[in-house]
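>>> here's a sequence, model it:
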Amino acid sequence: MDLEMVNREVADVFSTYETSMENRIRYISGMEHFIQYLYHQNIELEDVGETEIQQYAESLRALGYPDIFIDTNIESIRKYFSYLQNKNYIKNHTGLID
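As a prediction, the model looks like this:
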C-alpha cells in the first residue's frame, strides 16, 4: 500500500464532499489513523469490509482509546466508503432515467 497516495485520495474524497473544514480535518485524521492500522495489519484499503472495521474498533478499545475517538474514527471510515460509493455511482451514471 502506498501510504502517501492513499492519504491523498482520502483528502480528495473528503474535500469533495465535506463542506465543513472542521469535519474534513476530523475525518481525514480518522482515516489516516485507520490507514496506518491497515498498513501494519497488511490489509489493502480495497479489501476492507465490516469485519476489518470491527477488528479496528476492538483493537482501539483494547489499547485504551476513549469511546469518542473510536466513534469518530469509525464514522470517518463509514463516511469515506459511502462517499466512494457516491463517487462511483456518479461516474458510472449514464444520465438516462431507467
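>>> alpha carbons only for contacts and neighbour counts from here, please
Fine.
>>> buried ones in the biggest helix by length in the chain?
In the chain, with assignment by DSSP state H, the single longest helix is helix 67-92. For helix 67-92, a neighbour-count test (16 or more other C-alpha atoms under 10 Å) marks 70, 72-74, 76-80, 83-84 as buried.
>>> tell me which of those is nearest to Leu38?
Nearest to Leu38, judged by C-alpha to C-alpha, of the buried residues of helix 67-92 is Ile77 at 12.0 Å.
>>> circling back: so which one of the buried residues of helix 67-92 is the model least confident about?
pLDDT across the buried residues of helix 67-92 is lowest for Leu84, at 83.
>>> nearest residue to that one other than its sequence neighbours?
By the measure of C-alpha to C-alpha, 6 or more residues apart in numbering, the closest residue to Leu84 outside its immediate chain neighbours is Val13, 7.4 Å from it.
>>> check the spacing between the one you found and Ile74 real quick.
Distance, Val13 to Ile74, using C-alpha to C-alpha, to the nearest Å: 16 Å.
>>> how about Leu3?
Using C-alpha to C-alpha, one obtains 19 Å as the distance from Leu3 to Ile74.
>>> ok, Ile68 next?
If you measure Ile68 against Ile74 using C-alpha to C-alpha, the figure is 10 Å.
>>> what's the overlap in contacts for those two?
Listed contacts common to Ile68 and Ile74 are nil; contacts here mean C-alpha atoms under 8 Å, 6 or more residues apart in numbering.
>>> centroid residue for this protein?
Residue closest to the mean C-alpha point of the chain, counted by C-alpha atoms, centre = their mean, is Ile77 at 3.2 Å.
>>> so who does that residue touch?
When contacts are counted by C-alpha under 8 Å, 6+ apart, Ile77 touches 27, 30-31, 34, 53.
>>> thanks again, I'm all set now.
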